[in-house]
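Participant: Show me how the following folds:
(one chain, ligands or ions: 1)
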Amino acid sequence: MDRKVRVRFAPSPTGPLHIGGVRTALYNYIFAKQNGGDLILRIEDTDSKRFVPGAEQYIMDALAWLGISFDEGVNEGGNYGPYRQSERKDIYRKYVDQLLDAGKAYIAFDTPEELEAARERIPNFQYDAHTRESMRNSLVMPKEEVDKLIADGVQYVVRFKVEPDREVVVNDLIRGEVKINSNIIDDKVLYKSADNLPTYHLANIVDDHLMEVTHVIRGEEWLPSAPLHVLLYEAFGWKDTMPQFVHLPLLLKPVGNGKLSKRDGDKLGFPVFLLEWKDPVTGEISSGYREKGYLPEAVVNFLALLGWNPGDDTEMMSMEDLIKKFSFAHCSKSGAKFDYKKGIWFNHEYIGLADNDRLAKLLEPTLEANGVKGCDPEYVAKAIGLVKGRADLVPDLWTQGDFFFKAPETYAEKDVKKRWSKETPEIMEELIGVLEGIDDMSSANAEKIVLDWIAEKGYHLGNVMNAFRLAVVGACRGPHMFDITELMPKEEVITRIKKAIRTIPTPTE
Ligand code: GLU
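Facilitator: Model prediction:
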């Protein structure tokens, strides 16, 4: 087969894109890039009842943030459009008619009440070869009656006529051959006259065929639909160009069993969405990776390893590395535990690698929220450079480095008790004099001068340095003291020491 690789990400705009869907999009993107293929964004919006305004735009924004771009889609255009299923109604009707004409589908008039009654009458009711004769459909009703009902505007559905006792084989790149008996497949609804729209199954198959999709890469939750899809390809006579199926392992709860849910995230404090989402109906806000302070490259790396490994223990991989190394041969069949702590670890690593100017831009909203305005960007970037090794998420840059932007208002009690003694104010006065005499505040130079002074006077190094730190930072924390004083204007350092002398009560002994 030498068809050009064409894959699609086909979300339904029913709400914000869940992290599992994001991983699916990511694998599609990586696979397309690896094979010089095309990635299509197709919006599967045929279920009007579940349509959520804003969800489509959200999905596009979220994936763009992650660095996933599409070759064809709603925004990109392309030769296979339209890319929104709700705009393809006429196309589907033609294919529904094709199946009806070939006797591979039929029209059914059963009302919800009649279906309910059948469920009560027949144990484990399924609309199929064994039951369809007892229902109200075009297989058992005279043609005139069917035509009349349709002419009278009675609503109907078109059902797929699944042949019984057949072995259906789904060939899956991760799972191998999955075989099932057609008896367990029901006569799925393909089309509803009520809204003149196809259901997911029909639209999905028709579009994958028309868009010349070569690989269907999607979550495991769609595996149960795959046998039906195989039968549909067959019914249409498209078996030769049927895409290769790839069903990705589920994302599982970090603790306990079962599928990862939004509730797990709420409980354990991690987002399950890339971007913050405000529910248009309830107004409820769900947190997003971006707003929490994750870097997109960290999320990419973390997600890529949920269900796939490079075959060795390499962990840090850029999108480019992933495109080189990815292979379905190294995807697991079993679900991947959503180890969100590993996600934090990745973010910590990527913050460490990130450019300080970029981090400074990302920190802007946090600075503003804390009343810090008009700071020299170079100063911000340098301050970030000193604390980023201690940050897991972008806002940690603030909690770790707040003292670069605001003088302490209080002093950590525990540290005061331990480090601020009767002699401290006097020694700090002396330290001010020493600092005033230093022209070159570069870290190594200031350190040498201050340490020499401490040694000369026979002071206790730890006590003096910690009191110094307490005065400038407000607590015994932060990066190397002389790196701080290299960056912070000397007058500011001195003002802070003076303030500490004034404010911290001097112990009597
Ligand atoms: N519209 C389906 C979804 O929301 C697409 C499944 C598929 O990729 O076939 O995930």
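Participant: C-alpha only now, for contacts and for neighbours.
Facilitator: Fine.
Participant: low pLDDT regions in the chain?
Facilitator: Applying pLDDT under 70 to the chain picks out residues 1, 509.
Participant: where does it come near the ligand, residue by residue?
Facilitator: For the chain, the contact set with the ligand under CA under 6 Å from any ligand atom comprises Ala10, Pro11, Ser12, Glu44, Arg218.
Participant: Please give me every residue in contact with the second one.
Facilitator: So that's Pro11. Contacts for Pro11 were tallied using CA atoms under 8 Å, 6 or more residues apart in numbering; they are Leu17, Gly21, Arg42, Ile43, Glu44.
Participant: State whether it is indeed within a helix.
Facilitator: No. In this structure, Pro11 is coil, not part of a helix, as judged by DSSP: H, G, I helix; E, B strand; the rest coil.
Participant: Let me know the distance separating it from Glu44.
Facilitator: In this view, Pro11 and Glu44 are 6 Å apart by CA to CA, to the nearest Å.
Participant: Would you point out the most distant pair within the residues of the chain next to the ligand?
Facilitator: Glu44 and Arg218 (13.7 Å; CA to CA).
Participant: And the helices in the stretch 351-500 of the chain?
Facilitator: 356-369, 377-387, 396-401, 413-419, 424-436, 443-457, 461-473, 481-487, 490-503 (DSSP state H, counting those that start in this stretch).
Participant: Tell me the spacing between the nearest residue to Pro425 once chain neighbours are set aside and the ligand.
Facilitator: Closest residue in space to Pro425, ignoring its immediate chain neighbours: Ile501 at 5.5 Å, by CA to CA, 6 or more residues apart in numbering. Ile501 sits 63 Å away from the ligand, going by CA to the nearest ligand atom, to the nearest Å.
Participant: can you count the residues close to Ile501?
Facilitator: Residues contacting Ile501 under the criterion other CA atoms under 10 Å number 18.
Participant: same question, the one 3 residues further on
Facilitator: Under the neighbour criterion other CA under 10 Å, Ile504 is assigned a count of 15.
Participant: Got the phi and psi for it?
Facilitator: Here is the backbone geometry of Ile504 (degrees, to the nearest 10): phi -80, psi 120.
Participant: Would you enumerate the residues in contact with it?
Facilitator: By CA under 8 Å, 6+ apart, the residues touching Ile504 are Tyr411, Val416.
Participant: and the residue in the stretch 101-250 of the chain that the ligand sits nearest to, helix, strand or coil?
Facilitator: Closest contact between the stretch 101-250 of the chain and the ligand, by CA to the nearest ligand atom, is at Arg218 (4.8 Å). With three-state DSSP as the basis, Arg218 sits in strand.
Participant: That one: neighbour count?
Facilitator: 23.
Participant: quick one: contacts for it?
Facilitator: Each residue near Arg218 by CA under 8 Å, 6+ apart is listed here: Phe9, Thr24, Val246, His247, Leu248.
Participant: Tabulate those in CSV, adding columns for distance to Thr314 and secondary structure.
Facilitator: CSV is the format used below for those (distance: CA to CA, whole Å; DSSP: H, G, I helix; E, B strand; the rest coil):
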residue, distance to Thr314, secondary structure
Phe9, 27, strand
Thr24, 21, helix
Val246, 24, strand
His247, 24, strand
Leu248, 21, strand
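Participant: are any of these buried, and which?
Facilitator: Phe9, Thr24, Val246, His247, Leu248 (16 or more other CA atoms under 10 Å).
Participant: Next up, the contacts around the residue nearest to the fourth one when sequence neighbours are not counted.
Facilitator: In space, His247 comes closest to Glu220 once its chain neighbours are excluded; the distance is 4.8 Å by CA to CA, 6+ apart. Remark: with contacts taken as CA under 8 Å, 6+ apart, Glu220 is in contact with His247, Leu248, Pro249, Leu250.
Participant: now with 10 Å?
Facilitator: Val246, His247, Leu248, Pro249, Leu250, Leu251, Lys333, Ser334, Gly335 (CA atoms under 10 Å, 6 or more residues apart in numbering).
Participant: Which residues are in contact with the spatially closest residue to the third one that is not a sequence neighbour?
Facilitator: Spatial nearest neighbour of Leu248, chain neighbours left out: Gly219 (4.8 Å); criterion: CA to CA, 6+ apart. Shown here is Gly219, whose contacts under the criterion CA under 10 Å, 6+ apart are Gly20, Gly21, Arg23, Thr24, Ala25, Val246, His247, Leu248, Pro249, Leu250, Leu251.
Participant: Just give me the neighbour total for the first one.
Facilitator: It stands for Gly20. 24.
Participant: Next SSE downstream of the helix or strand where it lies?
Facilitator: According to DSSP states H and E, Gly20 maps onto helix 19-34. Using DSSP H and E, the next helix or strand after helix 19-34 towards the C-terminus is strand 38-41.
Participant: list the helices and strands the helix or strand that comes right after that next one packs on?
Facilitator: Next in sequence after strand 38-41, counting helices and strands by DSSP H and E, comes helix 55-66. Helices and strands touching helix 55-66, as assessed by 3 or more CA pairs under 10 Å, 6 or more residues apart in numbering; DSSP states H and E, comprise helix 19-34, helix 289-292, helix 296-304.
Participant: Which positions within helix 55-66 qualify as buried?
Facilitator: In helix 55-66, counting by 16+ other CA under 10 Å, buried: Ala55, Glu56, Tyr58, Ile59, Met60, Ala62, Leu63, Trp65, Leu66.
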